[in-house]
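Chemist: give me coordinates for this.
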Amino acid sequence: MRITKNTLSNFLMITLGTAICSAGVYFLLIPSHLSVGSISGLAIILSNLIPLPISVITFILNVGLLLVGFLLIGRDFGAKTVYTSVLLPIFLAAFERAFPNPQSITGDIFADMICYLFIVSVGQAILFTHNASSGGLDIVGKLLNKFFHMELGKAVALAGMCVALSSAFLYDLKTVALSVLGTYLGGIVLDHFIFGFDQKRRVCILSKKVEEVREFIINTMHSGATIYEAIGAYDHVPHKEIVVIVNKAEYVQLMSYLEKADPAAFITVYAVSSVSYQPKPRG
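Modeler: Sure thing, here's the model as predicted:
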């Protein structure tokens, strides 16, 4: 496969985003024992039970989830998900070697959580902007999406809350409460960095692979879409335009698919402040 300048630039930015996320986890989450909903948060909890470095536990969890995903979902993750899933624990291992036994930077668990949310949201925003994710719970979300037909965003949020609540088995009530609060606030802060305060986006797609895109939206994303006939003003050639309303997680999933399936697709994205509809019952 020929590596273009754009591909190299994308992976450099993804590396930067992953490094920022890793730094937030290592210097703010780990010293405070907070398990804000993520695979790293779960690794922090398991490190109290398993005599392994957090980087190793994170690596095992991420690789395990990738294998489960490949077996149950198929090869739908792409190189970026595999790359970030492996790269994050590598960064954690580098920090463990360079800065052993990290201490709280702020000296206050609440301040650590707030700083973590903003720092990691910057890193995740970089990842999402380049159609990537940090793997981990996103794969759990895709599994819930496929087998229980949950919306991808809600599925990831549910998995994150389960991780945060599991800290109750090992930590005090304050730590558990802050872990749950941090998990909830993390989604809001990330939405602000990516979309402002809007939750939905209207994505309009002009593609030569209309049927393939439609199949992906309906059967993989378990979402709905509308197809319009559009006529080019220059050549008067009719085209089919697919319009779909998506949340943050679905937007990333859709853009990642289009990047692979039809890089030449013409895509426009609009902010949606409100969506009101009556969903049809599933047969």
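Chemist: residues touching Val269, list them.
Modeler: Contact partners of Val269, counting by Cβ atoms under 8 Å, 6 or more residues apart in numbering, are 201-204, 251. Backbone N, C-alpha and C define where each C-beta goes, glycine included.
Chemist: list the contacts for Ser223?
Modeler: 217, 244-246, 250.
Chemist: buried sites along stretch 151-167?
Modeler: 151-153, 155-160, 163-164, 166-167 (16 or more other Cβ atoms under 10 Å).
Chemist: quick revisit: between the contacts of Ser223, which is closest to Leu144?
Modeler: Glu250 (13.5 Å; Cβ to Cβ).
Chemist: roughly how far apart are the closest one and Ser223?
Modeler: Glu250 is 6 Å from Ser223, where distance means Cβ to Cβ, to the nearest Å.
Chemist: related to what we said a few turns ago, who wins for neighbours among the contacts of Ser223?
Modeler: Val246 (25 neighbours; other Cβ atoms under 10 Å).
Chemist: which residues does it contact?
Modeler: Here Val246 is in contact with 200-201, 203, 221, 223, 254 (Cβ under 8 Å, 6+ apart).
Chemist: save the residues you listed as JSON lines, and put in pLDDT and secondary structure too.
Modeler: As requested, those are arranged in JSON lines below (pLDDT from 0 to 100; DSSP: H, G, I helix; E, B strand; the rest coil):
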{"residue": "Lys200", "pLDDT": "81", "secondary structure": "strand"}
{"residue": "Arg201", "pLDDT": "88", "secondary structure": "strand"}
{"residue": "Val203", "pLDDT": "95", "secondary structure": "strand"}
{"residue": "Met221", "pLDDT": "90", "secondary structure": "coil"}
{"residue": "Ser223", "pLDDT": "88", "secondary structure": "coil"}
{"residue": "Leu254", "pLDDT": "93", "secondary structure": "helix"}
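Chemist: nearest to Ile50, of those residues?
Modeler: Distance to Ile50, by Cβ to Cβ, is smallest for Met221 among the contacts of Val246, at 35.5 Å.
Chemist: show me where pLDDT drops low in the stretch 1-150 of the chain?
Modeler: Residues of the stretch 1-150 of the chain meeting the criterion pLDDT under 70: 1-3, 74-78, 135.
Chemist: again, only using 80
Modeler: Scanning the stretch 1-150 of the chain for pLDDT under 80 picks out the ranges 1-7, 72-80, 125, 128-136, 138, 141-142, 145-146, 149-150.
Chemist: same deal with the stretch 151-283 of the chain?
Modeler: Scanning the stretch 151-283 of the chain for pLDDT under 80 picks out 151-154, 156, 186-199, 248-249, 273-283.
Chemist: show me the helices in it, by range?
Modeler: Applying DSSP state H, counting those that start in this stretch to the stretch 151-283 of the chain gives helices spanning 152-166, 173-195, 210-215, 248-261.
Chemist: is it true that Lys248 touches Thr129?
Modeler: No: the pair Lys248 / Thr129 is not scored as a contact, 11.5 Å apart, by Cβ atoms under 8 Å.
Chemist: which of those two has more neighbours?
Modeler: Neighbours were counted for Lys248 and for Thr129 using other Cβ under 10 Å; Lys248 has more, 20 against 16.
Chemist: so how far is Ile188 from the more buried one?
Modeler: Between Lys248 and Ile188 the computed distance is 11 Å (Cβ to Cβ).
Chemist: give the buried residues for the host helix or strand of Ser121.
Modeler: According to DSSP states H and E, Ser121 maps onto helix 109-129. Going by neighbour count (16+ other Cβ under 10 Å), the buried part of helix 109-129 is 109, 112-117, 119-129.
Chemist: other SSEs contacting it?
Modeler: Counting contacts by 3 or more Cβ pairs under 8 Å, 6 or more residues apart in numbering; DSSP states H and E, helix 109-129 packs against helix 5-24, helix 30-32, helix 173-195, helix 248-261.
Chemist: gap between that helix and the chain center?
Modeler: In terms of Cα atoms, centre = their mean, to the nearest Å, the centre of helix 109-129 is found 13 Å from the chain centre.
Chemist: now the angle from it to helix 248-261?
Modeler: Orientation check (axes from the mean of the first three to the mean of the last three Cα atoms, to 10 degrees): helix 109-129 against helix 248-261 gives 30 degrees.
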